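Chemist: A predicted structure for the sequence below; I have some questions about it.
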Amino acid sequence: HTFTSPKNSPAVFLKLQAGAVPQKETPELAFSNPTTTVNVEETVTNIATINPSTLAITYSSSDEDVATVSNAGVVTGVAAGTATITASFAGDNDYNAVSASYIITVINPNANDGSAEKPYTVSEAISVAEALGSDSQEGVYVKGIVSTTGSINSTYNSVTYYISDDGSTTNQFQAYSGKYIDGAVFTEENNLKLGDYVVVCGTLKYYKGQAEFDYNNEVVSVFRAPSFDPDEGTFTTDNLSVVITAESGATIRYTTDGTNPTSTTGSVYSTTLVISETTTVKAIAIKNGLVSGVVSKVYTKNNTSAITETLVVGTNGNTTWSNGVKTATATVGDVTFTALGSGGNDGKYYSSDNSWRFYTANSSGIKIAVPSGKKITSVVIKWKTGIPVTPSGFTASGTTSPTTYTANSSTDVNEVSFVRGSANFLAQEIAVTYE
């Protein structure tokens with residue numbers, strides 16, 4: 001460009017020439033192995049190389065729940081799966097930023113595969129069944145604890161039952177119309193009990209939202225949960241002797257404080273258990289690494305001063321039970337039953353099944369009150385659907401109707417509320433014992 005000075009000024013000429021702009025170089029960055037594998041809790045080194053070698057590299061993992069990587073490029077397997085390991089140079093005044101990646105596959109060599117040697121857990125079996133969609137897979141083995149028992153089908157001498165990983169009714173797996181060991185029929189003597197640890201083999205499928213074994217599945221092995229003698233119930237003597245038995249060679253652990261025993265907690269049973277007050281006894285059996293589910297039994301002491309009053313919905317209660325109409329309160333003896341819940345249908349009575357119904361979750365239900373100075377020791381509720389939430393300070397006998405709620409030894413209340421849980425609560429009969 002040429003510039004001319006203003007008029008009457010000495011002439012000045014400037015000439016500017018554009019120079020070349022320096023260009024950054026892009027370094028070479030690469031991994032020697034584009035993919036690699038590593039076992040869980042083991043390490044593998046796959047270091048990236050960069051040219052010039054003096055440039056600094058940083059490493060990162062796309063999923064540290066699967067694999068982590070150190071500043072030196074050493075990868076540690078965390079859990080089965082895949083992750084992307086990336087080496088990066090951030091760039092500087094002389095070189096452009098650059099990165100390179102590879103896929104790491106983490107393998108769990110001890111993972112269950114549904115074989116006889118490595119049966120699936122219930123959670124694993126449910127995931128595999130869901131992935132099958134409309135397909136099925138034969139010869140699959142699943143292990144778990146019997147969580148829901150079934151009666152014997154008199155036509156096929158089979159039983160439909162459920163198992164779960166922890167013995168609870170959450171995330172259950174169904175064994176539909178199953179047989180006993182080696183295809184033997186079920187009998188009253190060998191039928192499964194709650195808490196039994198079983199391995200079952202069958203055809204895995206996902207049917208109408210339920211992971212299950214198709215019919216003719218078989219029990220491969222069973223480790224029995226403890227048995228109690230006498231079974232739970234009421235005693236009137238000063239003391240009650242309870243004998244707990246399990247398979248030969250098994251260790252029994254039990255608790256009487258309402259907590260669940262484990263393979264390392266709870267008292268080791270060695271002699272007859274003697275109880276003198278209302279007590280919930282929970283026990284497990286342990287043998288060769290196997291742990292049964294928790295079996296819970298409630299022994300209620302019936303003191304001579306104890307009073308039991310029973311409300312039969314639709315029959316008594318010193319109130320008028322009208323079909324489709326709310327019933328606010330009912331009384332039997334000195335026990336008052338009050339309907340809770342602000343929903344439009346909470347507290348309605350229906351004669352079709354003689355039920356007092358509650359629909360609003362976690363707030364509707366029945367409050368039970370006995371005279372001041374008295375304490376509620378147990379409540380037995382017969383319900384059609386919707387087992388209520390166990391109140392604080394009480395222990396429930398199980399998840400089937402009727403359910404017994406026993407006050408813990410430290411509980412001293414004259415009022416207690418039973419509210420709706422995950423399903424509509426339909427109460428039919430309530431027996432309240434207090435002293």
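Modeler: Looks like it came in fine.
Chemist: Could you list the low-pLDDT ranges of this protein?
Modeler: 1-21, 304 (pLDDT under 70).
Chemist: element containing the residue nearest to the spatial centre of it?
Modeler: Closest to where the C-alpha atoms of the chain average out (Cα atoms, centre = their mean) is Thr170, at 5.3 Å. Thr170 is part of no helix or strand, with elements assigned from DSSP states H and E.
Chemist: what's the answer for Val416, then?
Modeler: Residue-wise, Val416 maps onto strand 415-419 under DSSP H and E.
Chemist: before we move on, back to that, tell me the contacts of the closest residue to the residue nearest to the centre of the chain other than its chain neighbours?
Modeler: Closest residue in space to Thr170, ignoring its immediate chain neighbours: Ser164 at 6.6 Å, by Cβ to Cβ, 6 or more residues apart in numbering. For glycine as for every other residue, the C-beta is placed from the backbone atoms N, C-alpha and C. By Cβ atoms under 8 Å, 6 or more residues apart in numbering, Ser164 lies in contact with Val122, Gly144, Ile145, Ser147, Thr170, Asn171, Gln172, Phe173.
Chemist: With secondary structure as extra columns, can I get those in JSON lines?
Modeler: Formatted as JSON lines, the contacts of Ser164 follow (DSSP: H, G, I helix; E, B strand; the rest coil):
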{"residue": "Val122", "secondary structure": "helix"}
{"residue": "Gly144", "secondary structure": "strand"}
{"residue": "Ile145", "secondary structure": "strand"}
{"residue": "Ser147", "secondary structure": "strand"}
{"residue": "Thr170", "secondary structure": "coil"}
{"residue": "Asn171", "secondary structure": "coil"}
{"residue": "Gln172", "secondary structure": "coil"}
{"residue": "Phe173", "secondary structure": "strand"}
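Chemist: Ile284: which of these is nearest?
Modeler: Ranked by distance to Ile284 (Cβ to Cβ), those are led by Ile145 at 10.0 Å.
Chemist: so how many other residues sit close to the closest one?
Modeler: 24 (other Cβ atoms under 10 Å).
Chemist: which residues touch it?
Modeler: Ile163, Ser164, Asp165, Asp166, Gly167, Gly195, Asp196, Tyr197, Val198, Ser292, Gly293.
Chemist: Who is it paired with across the strands?
Modeler: Beta-bridge pairing for Ile145 (DSSP bridges): Ser164, Tyr197.
Chemist: From the chain's centroid, how far away is the strand or helix carrying Thr36?
Modeler: Using DSSP H and E, Thr36 sits in strand 35-39. Strand 35-39 has its average C-alpha position 32 Å from the chain's average C-alpha position, going by Cα atoms, centre = their mean, to the nearest Å.
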